[in-house]
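Chemist: 3D, please:
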Amino acid sequence: MALHKFCDGMKRRDFLKVGAIGGVGMGLGLSDYLRMAQAGEVKSGAKAKAAIYIRLGGGPTHMDTFDMKPEAPAEYRGDLKPIKTNAAGVEICEKFPLLAKCADKFAILRGVSHTLAAHELGTKYMLTGNRPLPSLEYPSLGSVVSKELAAPPDMPPFVAVPNTPQGGGFLGLQYGAFSTNAQPKLGSPFNVRGIGLSGGVTLTEIDRREKLLAKVDSTFRAVESKSDVLSGLDEFSEQAYNMISSKRAREAFDVAREDQKVAKRFGDGEMNQSALLAVRLVEAGARFVTLTTGSWDMHTDIYSRLDKSLPMVDQTLSALLTTLEERGLLETTAVIMTGEFGRTPKINQRGGRDHWPRAMFVVMAGGGVKGGQVIGASDDKGQGPANEAITPDDVAASFLSSLGIDTHKEYQTSSGRPIMISRDGKVIPGLYA
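Modeler: Purely as a prediction, here's the structure:
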């Protein structure tokens with residue numbers, strides 16, 4: 001189910017205009033997306049050039065994953081036990097044996113805290129680095145990156161697999177994600193609507209329809225020359241054509257072309273193969289890829305459910321980090337994995353854990369992150385920060401800083417209101433080497 005909604009109210013003639021090119025098998029949103037996907041500049045000193053955001057939708061438990069409390073009472077510590085990792089003094093859940101072997105590649109943030117216990121609000125906070133306001137829709141981190149970092153003309157700068165709930169916010173639709181609306185499967189060709197050619201359509205036919213579209217464009221332009229949707233259309237229609245005619249783009253999205261030894265390392269789950277797709281996209285020039293996996297809202301029977309979910313995370317993240325390092329991409333790719341909040345330290349009467357934003361974890365790697373360490377801490381029962389809290393604002397500021405983006409830079413809303421990328425965020429001390 002697609003989570004991204006186009007809520008800006010596109011007019012019917014504008015919608016038809018996008019459909020004129022969408023009818024060739026590209027997918028309805030591609031030309032609209034590319035029409036406005038312009039990028040800005042990045043500081044030359046940035047270590048990272050791209051980013052991968054793994055979103056564990058629903059709120060993963062911190063107590064049973066990366067912030068275990070083996071000395072706490074049984075009703076808090078739960079059934080799972082910690083294991084040592086290859087990083088001195090760092091312990092994580094026993095269900096993460098592969099991650100334990102590569103803990104030197106990532107840092108764990110503990111005692112990350114906020115106060116928004118609703119899924120939608122917590123998600124917005126973590127994906128934007130700004131506490132949600134009813135009067136303003138902030139852009140997602142991916143939208144900020146797609147605005148600030150230039151991508152190759154035949155690659156979308158911001159890709160969501162399969163989708164993302166947070167778009168361009170006040171920056172506009174042009175900085176929203178290109179959603180695949182599907183997830184790849186091991187050994188199967190992955191046809192993304194908007195990239196592949198289907199139904200016997202050839203590039204020659206597309207070229208003919210592009211010329212027809214150009215004639216239609218001139219008519220629209222004469223009727224409404226000031227339309228934001230129509231402005232710059234020739235440029236973005238050309239980018240759409242470049243993508244579907246680009247061998248690089250088509251091959252990047254086709255995970256079936258990957259070496260089978262590498263593909264099997266990731267595993268056959270949809271989240272696993274989505275992580276492989278993220279590696280391929282970053283390698284091809286995409287600037288931000290977000291992966292979403294749900295089912296973390298575990299109010300009941302948490303341990304039977306974690307038996308399935310935790311091994312998936314273990315294999316996915318370890319394979320992602322290992323493959324990025326093998327290809328020389330880990331230092332230049334900022335990686336983050338988290339949810340919208342943690343879960344209650346005390347297990348409820350239904351054998352689950354409920355919403356708990358006062359303590360959660362974030363895992364970060366790449367882009368200059370100093371791996372093999374834990375930053376921050378929760379108290380002895382995982383109820384809240386032991387000392388000063390790490391906020392979602394700080395996480396966002398740190399994440400974007402590795403990409404050379406100044407989070408105090410100001411954007412302007414359509415009404416001319418100046419808004420900082422993340423006003424209250426500060427880079428977390430000691431996180432970067």
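Chemist: how about the strands of the stretch 151-300 of the chain, start to end?
Modeler: Secondary structure of the stretch 151-300 of the chain (DSSP state E, counting those that start in this stretch): strands at 158-161, 178-179, 288-293.
Chemist: As TSV, those with mean pLDDT would be great.
Modeler: Output for the strands of the stretch 151-300 of the chain, formatted as TSV (pLDDT from 0 to 100):
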stretch	mean pLDDT
strand 158-161	95
strand 178-179	90
strand 288-293	97
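Chemist: Comparing those, which stretch has the densest surroundings?
Modeler: Mean neighbour count (mean count of other Cβ atoms under 10 Å) peaks for strand 158-161 among those, with a mean of 29. From N, CA and C alone the C-beta is placed, and that goes for glycine too.
Chemist: Now do it: which elements does it pack against?
Modeler: helix 141-148, strand 178-179, helix 270-284, strand 288-293 (3 or more Cβ pairs under 8 Å, 6 or more residues apart in numbering; DSSP states H and E).
Chemist: Restricting to C-alpha, output it in CSV.
Modeler: Coordinates of each C-alpha in strand 158-161 appear next as CSV, following Å, rounded to 0.1, in the frame of the first residue of the first chain:
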residue,chain,number,x,y,z
PHE,A,158,15.5,10.3,-3.6
VAL,A,159,14.1,6.8,-3.9
ALA,A,160,11.7,5.2,-1.4
VAL,A,161,11.4,1.4,-1.3
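Chemist: As a check, name the ranges of all helices in the stretch 301-433 of the chain.
Modeler: 302-326, 392-401 (DSSP state H, counting those that start in this stretch).
Chemist: What helices and strands are in contact with the first one?
Modeler: The helices and strands touching helix 302-326, judged by 3+ Cβ pairs under 8 Å, 6+ apart, are strand 50-56, helix 97-100, helix 260-266, helix 270-284, strand 333-338.
Chemist: I'd like the ones you listed laid out as TSV, including distance to Ile347 and mean pLDDT.
Modeler: Compiled in TSV, the helices and strands packed on helix 302-326 are given as follows (distance: least, Cβ to Cβ, whole Å; pLDDT from 0 to 100):
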stretch	distance to Ile347	mean pLDDT
strand 50-56	19	98
helix 97-100	24	98
helix 260-266	32	94
helix 270-284	26	97
strand 333-338	22	98
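Chemist: ok so, going back, would you format the strands of the stretch 151-300 of the chain as CSV with distance to Pro139 included?
Modeler: Below are those laid out as CSV (distance: least, Cβ to Cβ, whole Å):
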stretch, distance to Pro139
strand 158-161, 10
strand 178-179, 15
strand 288-293, 12
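Chemist: Tell me which of those lies nearest to Leu98.
Modeler: For the strands of the stretch 151-300 of the chain, the distance to Leu98 is smallest for strand 288-293, at 16.9 Å, taking Cβ to Cβ.
Chemist: what residue ranges in the chain score low on pLDDT?
Modeler: By pLDDT under 70, the weakly predicted segments of the chain are 1-46, 193-245.
Chemist: quick one on the thing from earlier: most tightly packed of the helices and strands packed on helix 302-326?
Modeler: Using mean count of other Cβ under 10 Å, strand 333-338 ranks as the most buried of those, with a mean of 26.
Chemist: and of the strands of the stretch 151-300 of the chain, who's closest to Ile336?
Modeler: Smallest distance to Ile336 across those (Cβ to Cβ): 9.6 Å, for strand 288-293.
Chemist: So which elements touch that closest one?
Modeler: strand 50-56, helix 141-148, strand 158-161, helix 270-284.
Chemist: Show me what that strand is in contact with.
Modeler: 3, 50-57, 141-142, 145-146, 149, 157-164, 177, 270-271, 274-275, 277-278, 281-282, 312 (Cβ atoms under 8 Å, 6 or more residues apart in numbering).
Chemist: How much space separates Pro157 from Thr85?
Modeler: Using Cβ to Cβ, to the nearest Å, one gets 34 Å for the distance from Pro157 to Thr85.
Chemist: Name the residue in the two with the higher neighbour count.
Modeler: For Pro157 versus Thr85, the count of surrounding residues by other Cβ atoms under 10 Å is larger for Pro157: 28 against 21.
Chemist: The more buried one: what's it in contact with?
Modeler: 37, 39, 145-146, 149-151, 286-288.
Chemist: What of Met337?
Modeler: Met337 sits next to 53-56, 313, 317, 362-364 when contact means Cβ under 8 Å, 6+ apart.
Chemist: Closest one to Thr338 out of these, please.
Modeler: For the contacts of Met337, the nearest to Thr338 is Val362 (4.3 Å; Cβ to Cβ).
Chemist: Check the burial of Met68 by counting its neighbours.
Modeler: Around Met68 there are 22 residues (other Cβ under 10 Å).
Chemist: That one sits in which helix or strand?
Modeler: Take DSSP states H and E as the rule and Met68 turns out to sit in neither a helix nor a strand.
Chemist: Let me know the distance separating it from Lys124.
Modeler: 28 Å.
Chemist: Then Met312?
Modeler: 25 Å.
Chemist: Show me which of these two is the more surrounded one.
Modeler: Lys124 (23 against 17).
Chemist: Looks to me like the more buried one is in a helix.
Modeler: Yes - using DSSP: H, G, I helix; E, B strand; the rest coil, the assignment for Lys124 is a helix.
Chemist: wouldn't it be in contact with Pro132 here?
Modeler: Yes - Lys124 lies in contact with Pro132 (Cβ atoms under 8 Å); the separation is 4.4 Å.
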